[in-house]
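# okay, predicted coordinates and the sequence, questions at the end:
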2 protein chains.
Amino acid sequence: MAGIRAAQKEKTRRALIQAAMNQLSAEHGYASLSLREVAREAGIAPTSFYRHFQNMEELGLTLVDEGGLTLRQLLRQSRQQIAKGGSIIRASVTTFMEFVSNNTAIFRLLLQEKSGNSRDFRLAVTREVEHFTAELVDYLVAEQKFTRELAELQADAIVRIVFSAGADALDADNKEKQRLTEQTIAQLRIVARGAEATRLAAKTQE
Amino acid sequence: MAGIRAAQKEKTRRALIQAAMNQLSAEHGYASLSLREVAREAGIAPTSFYRHFQNMEELGLTLVDEGGLTLRQLLRQSRQQIAKGGSIIRASVTTFMEFVSNNTAIFRLLLQEKSGNSRDFRLAVTREVEHFTAELVDYLVAEQKFTRELAELQADAIVRIVFSAGADALDADNKEKQRLTEQTIAQLRIVARGAEATRLAAKTQE
DNA sequence: GAATTGCGTGAACAAGCGTTCACTGACATA
DNA sequence: TATGTCAGTGAACGCTTGTTCACGCAATTC
């Protein structure tokens, strides 16, 4: 049959993931997430948790994966904005900041666990961010004709600046977010100028 | 008298702080720090903890303050390196990376609590990092004759890049640290070039 | 020398935690 | 229709947690 049973299982699994997400907030991080509370919010007995995940750690890694998916969604959305024309930098930063505002919990998780206390978590988050950087490198090489080396330096710097500003944006009110966005745009322009100047300097030397 | 009593109190207070530091590691963060364990390591009864701090939170904020002190030490050390001559960027980044290696626990605390779950903590860490940025702004204005506006953009970008790289360095082996250091130096040079180019562009427009 | 202050203590508390176990009952299979 | 599978259960476990309380005893004050 259609697996009415498997469907139900998937449903409670999603309920657990959603419950965990809901409990993540500015005051209450992954480390202080409790199996019993998550189960309670998902509407199942604590023991049933084990039918879906071996550990809280396994749940956590699943959450990080979801965060990675979200980041990829963000990339797609950014590309669409860029395709519309206009300033690439402005479009990207604006999209990123909007995304942070709309997916606060998941970004908080990613940012927190990036320097968190589980090696597996850190690696998982690093992997997602690296994927993000790699996409940016490809763009810089393909569209802007940078050497791979310079593109990598530039992309890494951009990602560091943007994610760091994103972290600050989590706590910020709208006005502060606006300021952060403009600041980040100006900084990325400086980086772009610097990379351009570096490219020219390298060419002259040839 | 000389306060043999007050001295003893200060001594156990230091023991508590030290014990808390010791328990901070890559696997065990502030959030999962326990009053009882800290007291145990400090060699006092759990109840005695309250003679020195009202909360674990108060202990935590003290740790952050210690971290701030450490950062200021770092600034001083950087200035000494710069005074010796040679590349300012290289000297600063190298000093920073060494400092991260030698004060792993405290940096981990700062980086973690920067996007941690206590508002007070976040504010405390932000305050320390802002102090760091402010010093850099002053330097850029005084020594390199940047406008305050451009200096602030540049300094903020630099701090974001350096602290982010520092976070990665916490987990890295020596070879990776070396790579990170060189990468960061190259990135800061790009930023410096970009800021310089921006300054010239602004002047031309006058 | 007597009175006071205050650091450190051990017992006790209620609460919460993760995890185990044997069990139920609806769905899947044949 | 009979048999097997497995998501969900409720009781129970051993532990750790933060916090309170009244108390002892050494350093301090008068």
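Structure received. Numbers count the residues shown, from 1 in each chain, chains lettered A, B, ... in the order given.

# average pLDDT across stretch A:68-82?
Averaged over stretch A:68-82, pLDDT sits at 90.

# in which helix or strand would I find whichever residue of chain A sits closest to chain B?
In chain A, the residue that lies nearest chain B is residue A:194 (2.8 Å; CB to the nearest CB). Any C-beta I mention is one placed from the backbone N, CA and C, and that applies to glycine too. Using DSSP states H and E, residue A:194 sits in helix A:174-205.

# so where does residue A:77 fall, helix or strand?
Element membership of residue A:77, judged by DSSP H and E, is helix A:56-83.

# for that helix, list every residue counted as buried.
If you call a residue buried by 16 or more other CB atoms under 10 Å in any protein chain shown, then helix A:56-83 has these buried ones: A:56, A:59-64, A:66-68, A:70-71, A:74-75, A:77-78, A:81-82.

# which ones are touching the most centrally placed residue in chain A?
For chain A, the residue nearest the mean C-alpha position is residue A:71 (4.6 Å; CA atoms, centre = their mean). Contact analysis of residue A:71 by CB atoms under 8 Å, 6 or more residues apart in numbering or on different chains lists A:110, A:128, A:129, A:131, A:132.

# what helix or strand does the second one sit in?
The reference is to residue A:128. Secondary structure assigned from DSSP H and E places residue A:128 in helix A:119-144.

# give the rounded mean pLDDT of that helix.
For helix A:119-144, mean pLDDT rounds to 94.

# which neighbouring elements make contact with that helix?
Packed against helix A:119-144, as judged by 3 or more CB pairs under 8 Å, 6 or more residues apart in numbering or on different chains; DSSP states H and E, are the following elements: helix A:56-83, helix A:104-114, helix A:148-171.

# adding distance to residue B:43, write those helices out as JSON lines.
Shown next, in JSON lines, are the helices and strands packed on helix A:119-144 (distance: least, CB to CB, whole Å):
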{"stretch": "helix A:56-83", "distance to residue B:43": "32"}
{"stretch": "helix A:104-114", "distance to residue B:43": "32"}
{"stretch": "helix A:148-171", "distance to residue B:43": "38"}
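
# ok, residue A:40 to DNA strand C distance?
From residue A:40 across to DNA strand C, the span is 8 Å (CB to the nearest atom of the strand, to the nearest Å).

# contact residues of chain A facing DNA strand C?
Contact residues, chain A versus DNA strand C (CB under 7 Å from any atom of the strand): A:1-6, A:34-37, A:46-47, A:49-50, A:55-56.

# domains in chain A, by residue range?
Following automatic domain parsing, one gets these domains for chain A: A:1-53, A:56-205.

# out of those domains, indicate the one that is most buried.
domain A:56-205 (a mean of 18; mean count of other CB atoms under 10 Å in any protein chain shown).

# off-centre distance for that domain?
Domain A:56-205 sits 8 Å away from the centroid of its parent chain (CA atoms, centre = their mean, to the nearest Å).

# got it, and stretch A:37-48?
Taking CA atoms, centre = their mean, one finds stretch A:37-48 lying 28 Å from the centre of the chain it belongs to.

# close to DNA strand D, is it?
Yes: Stretch A:37-48 is in contact with DNA strand D by CB under 7 Å from any atom of the strand, via A:44, A:45, A:46, A:47, A:48.

# quick check: the second one vs residue A:39, distance?
What it means is residue A:45. 7 Å (CB to CB, to the nearest Å).

# cool, and residue A:150?
51 Å.

# again with residue A:6
According to CB to CB, residue A:6 stands 20 Å off from residue A:39.

# measure the residue nearest to the centre of chain A to residue B:86 for me?
With the distance defined as CB to CB, residue A:71 ends up 40 Å from residue B:86.

# swap in residue A:18?
Noted for residue A:18: a distance of 55 Å to residue B:86, by CB to CB.

# do residue A:56 as well
In terms of CB to CB, residue A:56 sits 50 Å off from residue B:86.

# show me the contacts for the residue lying closest to residue A:110 once chain neighbours are set aside.
Nearest-residue entry for residue A:110: residue A:67, 4.6 Å, with adjacent residues in sequence omitted and distances by CB to CB, 6 or more residues apart in numbering or on different chains. Contacts for residue A:67 (CB under 8 Å, 6+ apart) come out as A:106, A:107, A:109, A:110, A:125, A:128.

# isn't the first one right next to residue A:66, touching?
Yes: in this structure residue A:106 lies within contact range of residue A:66 using CB atoms under 8 Å: 6.6 Å.

# hang on, the earlier thing: can you list the helices and strands packed on helix A:119-144 in TSV and add distance to DNA strand D?
What follows is the helices and strands packed on helix A:119-144, written out as TSV (distance: least, CB to the nearest atom of the strand, whole Å):
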stretch	distance to DNA strand D
helix A:56-83	13
helix A:104-114	20
helix A:148-171	25
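
# now for those, which one comes closest to residue B:10?
helix A:104-114 (34.1 Å; CB to CB).

# and the closest one with helix B:104-114, angle?
180 degrees (axes from the mean of the first three to the mean of the last three CA atoms, to 10 degrees).

# same for helix A:104-114, what does it pack against?
Helix A:104-114 packs on helix A:4-23, helix A:56-83, helix A:119-144, helix A:148-171, going by 3+ CB pairs under 8 Å, 6+ apart.

# quick one: the ones you listed as TSV, columns for distance to residue B:93 too.
Formatted as TSV, the helices and strands packed on helix A:104-114 follow (distance: least, CB to CB, whole Å):
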stretch	distance to residue B:93
helix A:4-23	38
helix A:56-83	28
helix A:119-144	20
helix A:148-171	13
